[in-house]
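K.L.:
From the sequence below, what's the structure:
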Amino acid sequence: MALQESSYERLRAADCANEIAYIRACLRLFFAANPGAPGGEVSMPPLSLPPLSVANVADIARLNKVATFVLKALSRSTGERPRDLLQWLDTYRRRTMAMNSSCIMDSMAIHAALRERNIDFVFLKGPFQQQLLYGDHFMKPSGDADILVASSGFSRARDALRAIGYEVAGKSRSVWWVRFLGEQHMTRIAGTTSSTVDLHYRLQQPGSPSPRDTDGFLRRKRPVEIAGTSVPFISASDTLLLSSISVAKALFNREPCAGYVCDVRASASRLNTTEQQTLLDYATEQGLVDTLLLGLRAADVLLGGTGTLLSERATRILSRIGNEDLLNMVIAPWLSSLRWPQRRTVLWELCGRAPVRYMAEASWAASADLSRRIFERPGGR
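P.N.:
Numbers count the residues shown, from 1 in each chain. The predicted structure is shown next:
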């Protein structure tokens, strides 16, 4: 979700400290009330702050994709609830429901097309994940359906999607998209409506580590029931890893990512101590244990520490970045006061400070950057 510079500039010019604190309090309230289960009345933490800017609260919540979390937290609260904000949040929720309903219908058509050709695939993120994590398909807007296939099945999957009306979007035809990002956007236009599917065979952006065994995400898939049909979705452990990958990618691009951080917490909160250790072992095998720890530490600074094995391990990652700075990098990356670490420093940490791994990932990132400069420039395609 790349932001336009105007969005950054407007929020940078405003004093958003109160609004950031308000959204953080709402998110903590949401998770304190047990996400995915009916919540009772919980007192909203008193915020002795100057009047809030509803417009700024709305913008920050929207950019982080946590507006519905805020709405649910306020609906459980006995504290003061700004009427204008509630109206905006309700409208946002209704739009999310409409968008995700379309995404689910598109996903069912995609599922049928790929199954008909016996193509092995799995859904990523989106409304299916939201139902699994929160018991609600409509927590965050999902305009695209994301699917993962093996690299050997990428062309066949693309052909299957073309057979039901999808075409590769122009920007994703380049070498940078296909070779280095390992994905293509495909769109289908029907009258005044359009739908998009993101077809992946990779799961990471150059500049941060990728899974050692991406095809394992396909082998470990689990069935999810939707409208009487069983569709393939990634496993619980892979859901947590992918959410952490999304956090790392957002921080690399300096984009708001509180919504991904919430997914990390919702996934991790379901694990007992034995399952947490199993997850750490699995993440190590995938070469993603430090990416996982980054997602977990981000969850702790945004939502509060949990005192679990995962929280204890997460304290060491990027320890030179203070908690307050990491919080703002997650929820308000536009702040001019932030001192961002160099990307190569972050990559070094996420590679476990292993020289060979770091050199391989850094070389891949450099090649990707060169390709992007060549093929993504105006007139370069």
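K.L.:
what residues does stretch 187-203 touch?
P.N.:
The contact list for stretch 187-203 (C-beta atoms under 8 Å, 6 or more residues apart in numbering) reads 102-103, 106, 110, 124, 143-151, 153-154, 157-158, 161, 164-167, 169, 181-186, 210-211, 214, 217, 242, 245. The way it works is simple: take the backbone N, C-alpha and C, and place the C-beta from them, glycine included.
K.L.:
Just the element for the spatially most central residue of the chain, please.
P.N.:
Residue closest to the average C-alpha location in the chain (C-alpha atoms, centre = their mean): residue 260, at 3.8 Å. Per DSSP states H and E: residue 260 is located in helix 258-268.
K.L.:
Flag every buried residue along the helix or strand just after that helix.
P.N.:
Sequence order places helix 273-285 as the next helix or strand after helix 258-268, per DSSP H and E. Neighbour counts over helix 273-285 (16 or more other C-beta atoms under 10 Å) mark 276, 279, 280, 282, 283 as buried.
K.L.:
so how far is the helix holding residue 260 from its chain's centroid?
P.N.:
Centroid displacement of helix 258-268 relative to its chain, using C-alpha atoms, centre = their mean, to the nearest Å, is 8 Å.
K.L.:
what is the orientation angle of that helix with helix 273-285?
P.N.:
Here the directions of helix 258-268 and helix 273-285 differ by 120 degrees (axes from the mean of the first three to the mean of the last three C-alpha atoms, to 10 degrees).
K.L.:
Tabulate the CA atom coordinates of helix 258-268 in PDB.
P.N.:
C-alpha atoms of helix 258-268 as PDB (Å, rounded to 0.1, in the frame of the first residue of the first chain):
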ATOM      1  CA  ALA A 258      -0.600  -1.600  12.400                       C
ATOM      2  CA  GLY A 259      -3.200  -3.900  10.600                       C
ATOM      3  CA  TYR A 260      -0.500  -6.500   9.900                       C
ATOM      4  CA  VAL A 261       0.800  -6.200  13.500                       C
ATOM      5  CA  CYS A 262      -2.700  -6.900  14.800                       C
ATOM      6  CA  ASP A 263      -2.700 -10.100  12.700                       C
ATOM      7  CA  VAL A 264       0.700 -11.100  14.300                       C
ATOM      8  CA  ARG A 265      -0.800 -10.700  17.700                       C
ATOM      9  CA  ALA A 266      -4.100 -12.500  16.900                       C
ATOM     10  CA  SER A 267      -2.100 -15.400  15.500                       C
ATOM     11  CA  ALA A 268       0.500 -15.600  18.300                       C
END
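K.L.:
State the mean pLDDT of that helix.
P.N.:
Here helix 258-268 scores 98 as its mean pLDDT.
K.L.:
which other helices and strands contact that helix?
P.N.:
Contacts defined by 3 or more C-beta pairs under 8 Å, 6 or more residues apart in numbering; DSSP states H and E place helix 258-268 against helix 17-32, helix 126-134, helix 236-253, helix 289-303, helix 323-331.
K.L.:
In the longest one, which residues are buried?
P.N.:
By neighbour count on 16+ other C-beta under 10 Å, the buried set for helix 236-253 is 236-252.
K.L.:
roughly how far out does that helix sit from the chain middle?
P.N.:
With C-alpha atoms, centre = their mean, you get 6 Å for helix 236-253.
K.L.:
packing partners for it?
P.N.:
helix 126-134, helix 216-219, helix 258-268, helix 273-285, helix 289-303, helix 323-331, helix 343-350.
K.L.:
list the contacts for residue 120?
P.N.:
149, 150, 153, 218.
K.L.:
In those residues, find the pair that's most separated.
P.N.:
Farthest pair in the contacts of residue 120 (C-beta to C-beta) is 153 and 218. Separation: 9.2 Å.
K.L.:
Residues that sit against both of the two, list them.
P.N.:
120, 121.
K.L.:
show me what contacts the nearest residue to residue 267 once chain neighbours are set aside?
P.N.:
Excluding the flanking residues, the one nearest residue 267 by C-beta to C-beta, 6 or more residues apart in numbering is residue 240, at 3.9 Å. Residue 240 makes contacts with 264, 267, 268, 279, 292, 295, as judged by C-beta under 8 Å, 6+ apart.
K.L.:
do residue 69 as well
P.N.:
26, 27, 30, 139, 262.
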